[in-house]
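> Need coordinates for the below:
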Amino acid sequence: MGRRNEHTREELRQIALEAAEELVATHGLVGVSARKVASRIGYTVGSLYMVFRNFDDLILQVNERTLDALHARLADTVVEQLPPATAIRALANSYIAFALAEPNRWLAIYQHRLPRGEAVPTSFGEKVARMFDLVQQQLMRLCPQRPTHDSTLAARALWSGIHGVCILGLDQKLEVVGGHSIEAVTGSLLDQYLAGFSQ
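Okay, here's the model as predicted:
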């Protein structure tokens, strides 16, 4: 780590984000604080607030980096022109694999709450929407005769279901109610939903 005056503002932002990201990955959202991030990079807490509006801004930017990584993983899954139903299953499997491999980073996206009255940045919403778009594109290929708004709603409904299965699986709640794996429950959800949507 160089001396403080060797870093530009952008360099400081990047090393702070990397440090916070490592803390989230290792300890979860509860294990991150401005003091811990500053200590890890050899700066003061006050220095962090020269490049971030506040601690929530730091966490939002960490979560946006996770969303970028997740989107890249999902987009790679459908680079090849797979049949739409196969592509949707591949997207689901990739989403689950990311959640299982990076549970703390994945959970931090959904666990972080902004103070009451503070709006989520547009950039964050756009990054979330990109993932729904990947699913929606495949649903539109699967049933091109359906109106676009049907596919828009279906993408959100289907992915909300898959997200819920991931949450229950990570909390080991699926084991309590029958011992089925995340993959098996997701497969059943996809079978039933896609069959109904295709009718």
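> Three-state assignment for the residue most central in space within the chain, please.
Closest to where the C-alpha atoms of the chain average out (Cα atoms, centre = their mean) is Leu67, at 4.4 Å. At Leu67 the chain is in helix, as set by DSSP: H, G, I helix; E, B strand; the rest coil.
> what's near enough to touch it?
The contact partners of Leu67, taken as Cβ atoms under 8 Å, 6 or more residues apart in numbering, are 109, 124, 127-128, 130-131. Yep, even glycine has a C-beta here, placed from its N, CA and C like the rest.
> For Leu48, see how far away it is.
Going from Leu67 to Leu48 by Cβ to Cβ, to the nearest Å gives 22 Å.
> same thing with Leu168?
36 Å.
> Repeat that for Asp133.
With distances taken as Cβ to Cβ, Asp133 is found 33 Å from Leu48.
> Please identify which of the two sits among more neighbours.
Legend: neighbour count by other Cβ atoms under 10 Å for Asp133 and Leu48, higher for Leu48 (23 against 14).
> Wait, that one touches Arg40, no?
No. Leu48 is not in contact with Arg40 according to Cβ atoms under 8 Å; the separation is 10.9 Å.
> any idea which helix or strand comes after the helix or strand of the chain with the lowest mean pLDDT?
Across the helices and strands of the chain, mean confidence by mean pLDDT, DSSP states H and E is lowest for helix 173-176: a mean of 60. Remark: after helix 173-176, the chain's next helix or strand is helix 182-198, criterion DSSP states H and E.
> what sits against the closest residue to Leu194 other than its chain neighbours?
In this structure, Leu194 finds its nearest non-sequential neighbour in Ala85, 5.6 Å apart by Cβ to Cβ, 6 or more residues apart in numbering. Counting by Cβ under 8 Å, 6+ apart, Ala85 touches 138, 142, 194.
> mind listing the helices in this structure by residue range?
Listed in chain order, the helices found in the chain under DSSP state H are 9-27, 34-41, 45-48, 55-77, 84-101, 103-111, 122-142, 148-170, 173-176, 182-198.
> looking at the ones you listed, which has the lowest confidence?
With a mean of 60, helix 173-176 has the lowest mean pLDDT of the helices of the chain.
> Would you mind splitting this structure into its domains for me?
Under the assignment automatic domain parsing, the domains of the chain span 1-52, 61-198.
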